[in-house]
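Asks: Generate a structure from the sequence data that follows.
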Amino acid sequence: MTIELNTTNETKIQPAYDAAKSALSKAQDNLSKEQSALSEAQAALDAYNAKLDAAATLPKDAAHDGAELEGAVTFYGKRVTTAKKAVSEAQATLDQAGHDLTEAKILDRAEALAAFSTDQWIADFNAEAQEIADRYMADLHEVCSWEAEAISLGKTVPAPSNRARVNGNGNGWAVSLDGKKIHAPYASLGLDYLRESIRDTRHDERVAEAQREEGERRRQEAAELKAEQEYAEQAKRFAAGRTAQQPFQYTGGSGARPMVTTNENGEPLKGMFTGPSGSSTVARRN
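Replies: Prediction:
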């Protein structure tokens, strides 16, 4: 079964969309040209008016020349208006063509979806998978036959002298090599082994990508939280440092004089001095 998207409807609409897109581009180019011409005409009129303002006397042909320049501005102004209208109409045509093209794409996909047969898809897979399963199961049955042959032959050799052994007990017979038991996979479970190995790789990739994105989001959130905590801690230390640096304010009058306190024995202690501003500092001791 070949899966293919039939784009018949899109193909029908695409030329109209391309033509509308080209028409809009041409209309925009024409508008730019007309706007440039209008700007030049307006600049010429402005320059002429400035010349008149600076003239000591009115030039002989001032009325004629001014009217001609004003006429040019009016002319190109109308052309710009017409060009803007053309751009607006071309844009509307392109918007409609884009809408039609989108609807055509939707229709193509809806028709392709309706034409898809799940039963046929499964049948095609089974046909291909059966060939593969038959080939791999043939290999497994061959390996199982080797084990059966080894056991059958081993029963005829009571005391083998090589690395291979065949031992039997209440649970049956088993082949061992270098003292380690070896078994062929159960042929009856072969298809189960194969089924477990089949993965939807696209789904796995999407899951892995989602997990990577989630991990990146969590790492980013953790980094932002850590930065906020560090900032708060720094602000806290800064505030504590500023509080510790505040000088002792002497409530008495200004003037440099020692502040005397006494120790537990009533002996006076000197070392705190008040400056003219009323702030006291403690003399350092070696």
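Asks: Quick check: the gap between residue 216 and residue 228.
Replies: Residue 216 sits 19 Å away from residue 228, going by Cβ to Cβ, to the nearest Å. Every C-beta, even on glycine, is put in place using the N, C-alpha and C of the backbone.
Asks: scratch that, residue 76
Replies: 60 Å.
Asks: Just want the phi and psi numbers for the residue nearest the centre of the chain.
Replies: Nearest to the geometric centre of the chain sits residue 213, at 8.8 Å (Cα atoms, centre = their mean). With angles defined as degrees, to the nearest 10, residue 213 sits at phi -60, psi -40.
Asks: got a pLDDT number for it?
Replies: With respect to pLDDT, residue 213 scores 91.
Asks: do the same with residue 17
Replies: In this model, residue 17 carries a pLDDT of 98.
Asks: If we ignore the residues flanking it in sequence, what's nearest it?
Replies: residue 97 (4.2 Å; Cβ to Cβ, 6 or more residues apart in numbering).
Asks: how close does the residue nearest to the centre of the chain sit to residue 200?
Replies: Taking Cβ to Cβ, one finds residue 213 at 19 Å from residue 200.
Asks: next one: residue 45
Replies: 72 Å.
Asks: higher neighbour count, those two?
Replies: More crowded of residue 45 and residue 200, by other Cβ atoms under 10 Å: residue 45, with 18 against 9.
Asks: okay, now residue 89: neighbour count?
Replies: For residue 89, the count of nearby residues is 13 (other Cβ under 10 Å).
Asks: same deal with residue 192?
Replies: Neighbours around residue 192, by other Cβ under 10 Å: 11.
Asks: In what element of secondary structure is it found?
Replies: helix 190-197 (DSSP states H and E).
Asks: Let me see the ranges of the helices in the chain.
Replies: Using DSSP state H, the helices of the chain run over 8-54, 62-115, 118-154, 190-197, 201-245.
Asks: I'd like to know which of these is closest to residue 2.
Replies: helix 118-154 (9.3 Å; Cβ to Cβ).
Asks: buried set for that closest one?
Replies: For helix 118-154, a neighbour-count test (16 or more other Cβ atoms under 10 Å) marks 137, 140, 144, 147, 150, 151, 154 as buried.
Asks: And stretch 66-80, by the same measure?
Replies: 69, 72, 73, 76, 77, 79, 80.
Asks: Stretch 34-52 now?
Replies: Result for stretch 34-52 [16+ other Cβ under 10 Å]: buried residues 34, 35, 37, 38, 41, 42, 45, 48.
Asks: cool, and stretch 204-224?
Replies: Residues of stretch 204-224 include none that count as buried (16+ other Cβ under 10 Å).
Asks: quick one: contacts for the nearest residue to residue 48 once chain neighbours are set aside?
Replies: Closest residue in space to residue 48, ignoring its immediate chain neighbours: residue 69 at 5.4 Å, by Cβ to Cβ, 6+ apart. Listed by Cβ atoms under 8 Å, 6 or more residues apart in numbering, the contact partners of residue 69 are 41, 44, 45, 48.
Asks: right, and the last one touches residue 66 too?
Replies: Read that as residue 48. Yes: at 6.4 Å, residue 48 counts as touching residue 66 under the criterion of Cβ atoms under 8 Å.
Asks: any low-confidence regions in the stretch 151-286 of the chain?
Replies: 243-286 (pLDDT under 70).
Asks: redo that, cut-off 90
Replies: 151-176, 178-209, 235-286 (pLDDT under 90).
Asks: how's the protein carved up into domains?
Replies: 8-116, 118-156+183-198, 201-245 (automatic domain parsing).
Asks: Alright, I will stop here.
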